[in-house]
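Asker: Structural data only, the sequence is not supplied:
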């Protein structure tokens, strides 16, 4: 019997060739403090022979509030995490969780097949699978005699 997918276990569409990426070289909005502006998403990135993988925690993020784009060798994930309640600043003892808009742009180590890229959000963890695209061109260089 097929299992029903929950809201937190969904495929996320990946946009191709989006050109609206504005990120400082460090990946952080230099003028923003921790609770304003746009936060940076923490990621794990690894590869095997066939794919590049990116994993990030997305606790509190709804799939419809997440946008993933690939443009040439740049992957960008943008989203919003909302608390759902207003708490007066004076009532906080500690405030460590970032709420609001966040993003992360990652330069990929090699060309990927954008059409076969997959992103899944399950149990608050985003996993992006990017199949590598190998270029199989070769050029034979002849030795020149003086």
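Answerer: That came in fine, so what should we check first? Just so it is clear, the structure is predicted and the values come from calculations on it, not from any experiment.
Asker: drop to CA atoms for contacts and neighbour counts, all remaining ones
Answerer: Will do.
Asker: quick one: buried residues of stretch 69-78?
Answerer: Buried residues in stretch 69-78, counted by 16 or more other CA atoms under 10 Å: 69-72, 74-78.
Asker: again but with stretch 89-109, I slipped
Answerer: 98-99, 101-105.
Asker: Under the pLDDT cut-off, which ranges of the chain? List them.
Answerer: 1-13, 15-37, 135-139, 144-146 (pLDDT under 70).
Asker: Let me know how buried the closest residue to residue 125 other than its chain neighbours is, in neighbour terms.
Answerer: Distances taken as CA to CA, 6 or more residues apart in numbering place residue 57 nearest to residue 125, at 4.5 Å, with adjacent residues excluded. When neighbours are defined as other CA atoms under 10 Å, residue 57 has 17 of them.
Asker: residues contacting residue 57?
Answerer: 42-43, 124-126 (CA atoms under 8 Å, 6 or more residues apart in numbering).
Asker: Looking at the residues you listed, which are in strands?
Answerer: The members of those that map onto strands under DSSP state E are 125-126.
Asker: May I ask which of the contacts of residue 57 has the most neighbours?
Answerer: Result: residue 126 is most packed of those (other CA under 10 Å), 25 neighbours.
Asker: which residues sit in contact with that one?
Answerer: So residue 126 contacts 54-58, 119-120 (CA under 8 Å, 6+ apart).
Asker: From those residues, keep the buried residues only.
Answerer: Using 16+ other CA under 10 Å, the buried members of the contacts of residue 126 are 54-58, 119-120.
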